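Kindly return the folded structure for what I paste below:
(chains A and B)
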Amino acid sequence: EPEVTQTPSHQVTQMGQEVILRCVPISNHLYFYWYRQILGQKVEFLVSFYNNEISEKSEIFDDQFSVERPDGSNFTLKIRSTKLEDSAMYFCASSERPGGSNSPLHFGNGTRLTVT
Amino acid sequence: AQSVSQHNHHVILSEAASLELGCNYSYGGTVNLFWYVQYPGQHLQLLLKYFSGDPLVKGIKGFEAEFIKSKFSFNLRKPSVQWSDTAEYFCAVNGNNAGNMLTFGGGTRLMVKP
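Down below sits the predicted model:
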């Protein structure tokens, strides 16, 4: 079964540094998402992306965050200047059609970001 | 705004016991409902989903869930759990006017003792 893959599995960075989290969605999927889960808390929606632009974003997704699909396969999340509270597990997901319609999201294994 | 609550944070069962995990949502319109499972060290996987039709939906690995609209609930059930069901279970909702956004519950960590 095709999978969403994320790299790296664990990223440690210092506060104020930029990080880029990478995802390869399932190849025929058109909708892409980032979610995050702070340890012990709920999985939270960050952003959805379709047709090379952001379609929705949450209030968490402020100016420090950006997403990009630099080529036909990768989907990246960049945090420009990391803060301690950005430490979380970041999940990438993709779907064939808009998520929430008859098209469930497929999630990657996540990248654990630790900001020190 | 849509929200989801899962009442049980931790559940411990013995093998062959029956399972019911509670999920209640809050949303004023039509909803799509999901249960995802996350096995230790693995990604979130879809267990089952409800979009419309029969409110009793069957998923993989013997799981089922029942949508009760009057109670805003979508509880997950399995008649007889196995040790391999040890995982964290997440209920999620997408309101039809909420675009692509899934809202997750806090998760229930299930441990099945052999």
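
Pull up the distance across stretch B:38-57, start to finish.
End-to-end distance of stretch B:38-57 (C-alpha to C-alpha, to the nearest Å): 20 Å.

near chain B, which residues of chain A?
Counting by C-beta under 8 Å from any C-beta of the partner chain, chain A comes close to chain B at A:3-4, A:31, A:33, A:35, A:41-45, A:48, A:50, A:55-56, A:58, A:91, A:93, A:95, A:98-102, A:104-110. For the C-beta atoms, the positions are set from N, CA and C on the backbone; glycine is no exception.

what about burial for those, which qualify?
A:4, A:31, A:33, A:35, A:42-45, A:48, A:50, A:55-56, A:58, A:91, A:93, A:95, A:98-100, A:104-110 (16 or more other C-beta atoms under 10 Å in any protein chain shown).

And for residue A:22, nearest residue in space, chain neighbours not counted?
residue A:7 (4.9 Å; C-beta to C-beta, 6 or more residues apart in numbering or on different chains).

Can you give me the distance of the one you found to chain B?
13 Å (C-beta to the nearest C-beta, to the nearest Å).

who's in contact with residue A:50?
A:30, A:31, A:32, A:98, B:100 (C-beta atoms under 8 Å, 6 or more residues apart in numbering or on different chains).

What strands line up against whichever strand or helix holds residue A:90, and which way round?
Assigning secondary structure by DSSP states H and E places residue A:90 in strand A:88-95. Sheet pairing here is set by DSSP bridges, and for strand A:88-95 it gives strand A:31-37 (antiparallel), strand A:106-107 (antiparallel), strand A:111-115 (antiparallel).

Could you tell me which of the residues of chain A next to chain B are located in helices?
Nothing among these maps onto helices, per DSSP state H.

Surely residue A:28 and residue A:95 touch.
No. If you go by C-beta atoms under 8 Å, residue A:28 and residue A:95 don't touch, sitting 10.5 Å apart.

and residue B:85, how many neighbours?
20 (other C-beta atoms under 10 Å in any protein chain shown).

mind checking pLDDT for the residue nearest to it when sequence neighbours are not counted?
Nearest residue to residue B:85, sequence neighbours excluded (C-beta to C-beta, 6+ apart): residue B:112, at 5.3 Å. pLDDT for residue B:112: 97.

And the strands in the chain, which stretches?
Looking at chain A here, since you left the chain open. A:5-7, A:10-13, A:19-24, A:31-37, A:43-50, A:53-57, A:65-68, A:75-79, A:88-95, A:106-107, A:111-115 (DSSP state E).

hmm, I had chain B in mind actually
Under DSSP E, chain B gives strands at B:3-5, B:10-14, B:19-21, B:24-26, B:31-38, B:44-50, B:56-58, B:64-68, B:73-78, B:87-95, B:103-104, B:108-113.

Name the residue closest to the centre of chain A, please.
The centroid of chain A falls nearest to residue A:34 when counting by C-alpha atoms, centre = their mean (2.9 Å).

what about that one, distance to chain B?
12 Å.

what ranges of chain B fall below the confidence cut-off?
B:97-98 (pLDDT under 70).

Repeat the analysis, applying 90 as the threshold.
Low-confidence segments of chain B (pLDDT under 90): B:1-3, B:7-8, B:27-32, B:40-46, B:51-52, B:94-102, B:114.
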